[in-house]
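>>> Sequence below, structure please.
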Amino acid sequence: MRSITQDRFFDEPRCGLCYHVGVTVQLSFVSATVLGLTQGITEFLPVSSSGHVALAALFLDGATLGLEQVVALHVGTLLATLVLLRHDLGRLLGWISRPTAKIAWVQQPEGQLALAVLAACVPTGIIGVLLEPSASQAVASPAALGACFCVTATCLWFLRKKAAAHRSITVSMGLVIGIAQGIAVLPGISRSGITLACGLLLGLSALDAFRFSFLIAIPAIVGATLYTMLTEHFGQIVWPPLIWGAALAGGSGYVALLIVKRVLQQQRLWWFSLYLYPLGIALLIWSVY
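Take a look at the predicted model:
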């Protein structure tokens, strides 16, 4: 069984979100450009950003990304999410300006959405922490990575004949989708892909599934990034390429969000399985030979 560790890729344990963190590599502007675009595009398209950024780092530098580089890339995509969903976030936080109307607000669609988001955070955090050791081990195995890509592809493939539905989000739905998001800590399982597929299969409309999937991504990214910063160590920071990579991640991430929204509305999210299946199978074959 071939392992990526034979190629000097992963040489120490790391956290679930940033399991491609390792020996710090000083980014050039060329590397920052490629990695920023890779992170921005794959973070939101249902193809698993962690695996793609890690592979890009391998081919560019022959080593893994430093913590400060990973954090910068995730901050860029986080900002893209905040910008696109700023109006939804404003409505969700409306109770802050209406403290006397909390009960009535909870009974409204925005209140139910907020409760579902909070409910999703609980299983996501628990499962993410429990699966972190497995994620750290799985990322060093092309076979595990390929299998996880195929799992994502299968989830998306089931959507090809899914009829449009318009159920309202509930707390129980939030818990289920939160479980799916927690499982996505495993490399190769796309967070956006599995949560979007789960939302659609539970009966949410394309727009509601999109909104909920990326709203729950905000606390997940923030929490995982803070966890990473507390458990890992920063290397020497070179700011210009780091800022450039983060800006590209944010810009390309914003475009990717718009693409995903459009594809969802056209009921063509399953198209991405046609890319993930060959990728996963290729990694499985590579692991054997």
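>>> rest of the way, CA atoms for contacts and neighbours
Will do.
>>> need the contact list for Leu196.
Neighbouring residues of Leu196 by CA atoms under 8 Å, 6 or more residues apart in numbering: Ala209, Phe210, Ser213.
>>> I'd like the distance from the helix or strand harbouring the second one to the chain centre, please.
Put plainly, it is Phe210. Assessed by DSSP states H and E, Phe210 sits inside helix 206-215. How far helix 206-215 lies from its chain's middle: 14 Å, per CA atoms, centre = their mean, to the nearest Å.
>>> likewise stretch 260-278?
Chain-centre distance of stretch 260-278: 16 Å, with CA atoms, centre = their mean.
>>> What are the buried residues along it?
By 16 or more other CA atoms under 10 Å, the buried positions in stretch 260-278 come out as Val260, Lys261, Arg262, Leu264, Gln267, Arg268, Leu269, Trp270, Phe272, Ser273, Leu276, Tyr277.
>>> same check, this time on stretch 151-158
Buried-residue list, stretch 151-158, by 16+ other CA under 10 Å: Val151, Thr152, Ala153, Thr154, Cys155, Leu156, Trp157.
>>> One more: stretch 68-84?
For stretch 68-84, a neighbour-count test (16+ other CA under 10 Å) marks 68-82, 84 as buried.
>>> try stretch 246-253
Ala246, Ala247, Leu248, Ala249, Gly250, Gly251, Ser252, Gly253.
>>> could you list every residue that touches the last one?
For Gly253, the contacting residues are Leu37, Gln39, Gly40, Ile41, Thr42, Glu43, Phe44, Gly76, Thr77, Ala80, Thr81, by CA under 8 Å, 6+ apart.
>>> and what of the third one?
Under the criterion of CA under 8 Å, 6+ apart, the contact partners of Leu248 comprise Thr33, Gly36, Leu37, Gly40, Gly76.
>>> need the helix or strand of the protein with the lowest average pLDDT.
Within the chain, no helix or strand scores below helix 49-61, which has a mean of 64 by mean pLDDT, DSSP states H and E.
>>> Whichever helix or strand comes after that one - contacts with which helices or strands?
Per DSSP H and E, helix 49-61 leads on to helix 67-84 as the next helix or strand towards the C-terminus. Judged by 3 or more CA pairs under 8 Å, 6 or more residues apart in numbering; DSSP states H and E, the packing partners of helix 67-84 are helix 29-44, helix 217-231, helix 239-265.
>>> can you give me the angle the shortest one makes with helix 206-215?
This means helix 217-231. 20 degrees (axes from the mean of the first three to the mean of the last three CA atoms, to 10 degrees).
>>> Give me the angle between helix 217-231 and helix 67-84.
160 degrees.
>>> pLDDT on helix 217-231, on average?
For helix 217-231, the mean per-residue pLDDT is 82.
>>> Sort out which residues of that helix are buried, please.
For helix 217-231, a neighbour-count test (16+ other CA under 10 Å) marks Ala217, Ile218, Pro219, Ala220, Ile221, Ala224, Thr225, Tyr227, Thr228, Met229 as buried.
>>> Over to the first one?
For helix 29-44, the buried set under the neighbour-count rule, 16+ other CA under 10 Å, comprises 31-44.
>>> From the contacts of Gly253, pick the one nearest Leu145.
Thr42 (15.4 Å; CA to CA).
>>> what about the closest one, distance to Ala120?
Distance from Thr42 to Ala120, counting by CA to CA, to the nearest Å: 22 Å.
>>> again with Leu258
Using CA to CA, Leu258 is found at 23 Å from Ala120.
>>> Same question for Gly223.
Remark: distance between Gly223 and Ala120 (CA to CA) = 13 Å.
>>> Please apply the same query to Leu131.
17 Å.
>>> Those two: which has the busier surroundings?
Shown here are Leu131 and Ala120; by other CA atoms under 10 Å, Ala120 has more neighbours (29 against 17).
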